[in-house]
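Undergrad: with the input below, show me the fold.
(chains A, B, C, D, E and F)
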There are 4 protein chains.
Amino acid sequence: MSDEQNNSQIGGIAAEALRQFIERIERLEEEKKALAADIKDVYSQAKSQGFDTKIMRKIVSLRRLEDQEREETEQLLDLYKAALGMA
Amino acid sequence: MSDEQNNSQIGGIAAEALRQFIERIERLEEEKKALAADIKDVYSQAKSQGFDTKIMRKIVSLRRLEDQEREETEQLLDLYKAALGMA
Amino acid sequence: MSDEQNNSQIGGIAAEALRQFIERIERLEEEKKALAADIKDVYSQAKSQGFDTKIMRKIVSLRRLEDQEREETEQLLDLYKAALGMA
Amino acid sequence: MSDEQNNSQIGGIAAEALRQFIERIERLEEEKKALAADIKDVYSQAKSQGFDTKIMRKIVSLRRLEDQEREETEQLLDLYKAALGMA
DNA sequence: CTGCCATTTTACCGGC
DNA sequence: GCCGGTAAAATGGCAG
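TA: Coordinates of the predicted model:
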């Protein structure tokens, strides 16, 4: 009996479903990890061209924060509009 | 003059290069964020089917650790080989 | 009035309690720093006796990983037990 | 044959020396880890008494920085003295 | 002095 | 909605 089939013997069909969820998650995490490596590469390239990566990181995080604020502001505006029947 | 072109007036050509690095990083981070959301979704689906996400997370982290250990072992072997002139 | 007593004048009794927490933390960090120096020394000694510290560090980190894995496995078992009402 | 003696069969007496270095390091790291846990505990206690641990951490790091500066200043003074024959 | 690794800080997620 | 614990980002320290 193969390993794959073995799994489903333990908890019935549920074990197989679990295994598939786990595998999907692991695949997604692999991709996420790859992207993290890509980002690291970009910083390395920038560094090799004389840019200060610490400052770059600050810029990126600042812009991320600004985006957040903008979104929150918009959501707040939507809320106000809805409250005033301007939806 | 457009805003985009404005940037490159500050520090010469370097500013434009910097802008491109930042944008590449931000695009990659967007993708990473999307993957994180996907992973979260998978956990949600699993939960809605009655699986214990806490256990699932432990399983995932345990398997990740096993991978790491395997990698470290290989790296250690490589170091041994290099140290013994078997490169 | 002494400096030590001055502190407690600022925010009432809380300031004194805070001061004591901070001092305890600083003492503990001192000890931690000393241990880090000790570890560094051991590596230095080993190196002076011809050992490859890079390999040594890999060994140490590998064993640390193994410990972690063992702990995670136990935690996973505990979770299983709890989930099955075997707590 | 015991495990301990086995080790020394691989690379002669060196293997035993290596083993002892590794063990010393691991013991020291254990202690370091324990101290880290102690520090975490102190922060927890402080938190449970209503203190803001984030601010406390800032205080601790600021004081650490001040200590560093003071030491560096003293070292600089010593250097000047030595240069002026005031050692 | 540069890259790498450990530590530390920050953010996130789930549970209560 | 907070709080505790877990993963990611950022910083600092060390060896080469």
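Undergrad: what helix or strand is the spatially most central residue of chain A located in?
TA: With distances taken as CA atoms, centre = their mean, A:Lys32 lies nearest the centre of chain A, 7.0 Å away. A:Lys32 belongs to helix A:13-48 when assigned by DSSP states H and E.
Undergrad: tell me which residues of whichever strand or helix holds A:Leu77 come out buried.
TA: Under DSSP H and E, the secondary-structure element containing A:Leu77 is helix A:53-83. Using 16 or more other CB atoms under 10 Å in any protein chain shown as the test for burial, helix A:53-83 gives A:56, A:60. Where C-beta positions appear, they are placed from N, C-alpha and C, glycine not excepted.
Undergrad: just checking, what packs against it?
TA: When contacts are defined as 3 or more CB pairs under 8 Å, 6 or more residues apart in numbering or on different chains; DSSP states H and E, helix A:53-83 sits against helix A:13-48, helix B:13-48.
Undergrad: can you redo the ones you listed as JSON lines with distance to D:Gln68 and mean pLDDT?
TA: Formatted as JSON lines, the helices and strands packed on helix A:53-83 follow (distance: least, CB to CB, whole Å; pLDDT from 0 to 100):
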{"stretch": "helix A:13-48", "distance to D:Gln68": "27", "mean pLDDT": "95"}
{"stretch": "helix B:13-48", "distance to D:Gln68": "32", "mean pLDDT": "95"}
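Undergrad: C:Leu77 is nearest to which of these?
TA: Proximity to C:Leu77 (CB to CB) singles out helix A:13-48 among the helices and strands packed on helix A:53-83, at 16.5 Å.
Undergrad: and that closest one, is it in reach of chain C?
TA: No - judged by CB under 8 Å from any CB of the partner chain, helix A:13-48 and chain C are separated, with a smallest distance of 12.3 Å.
Undergrad: list the buried residues of that helix.
TA: Quick answer for helix A:13-48 (16+ other CB under 10 Å): A:16-18, A:21-22, A:24-26, A:28-29, A:31-32, A:35, A:38-39, A:42-43, A:46.
Undergrad: show me what it is packed up against.
TA: For helix A:13-48, the elements it packs on are helix A:3-11, helix A:53-83, helix B:13-48, helix B:53-83, judged by 3+ CB pairs under 8 Å, 6+ apart.
Undergrad: that one vs DNA strand F: in contact?
TA: Yes - against DNA strand F, helix A:13-48 shows contacts by CB under 7 Å from any atom of the strand at A:29, A:32, A:36.
Undergrad: just list the residues touching the residue nearest to the centre of chain A, thanks.
TA: B:32, B:35-36, B:39 (CB atoms under 8 Å, 6 or more residues apart in numbering or on different chains).
Undergrad: please repeat the previous calculation with a cut-off of 6 Å.
TA: B:32, B:35 (CB atoms under 6 Å, 6 or more residues apart in numbering or on different chains).
Undergrad: any idea of the angle the helix holding A:Lys32 forms with helix A:53-83?
TA: Orientation of helix A:13-48 against helix A:53-83 (axes from the mean of the first three to the mean of the last three CA atoms, to 10 degrees) gives an angle of 120 degrees.
Undergrad: how far is helix A:13-48 from where the chain is centred?
TA: Computed by CA atoms, centre = their mean, to the nearest Å, the chain-centroid distance of helix A:13-48 equals 9 Å.
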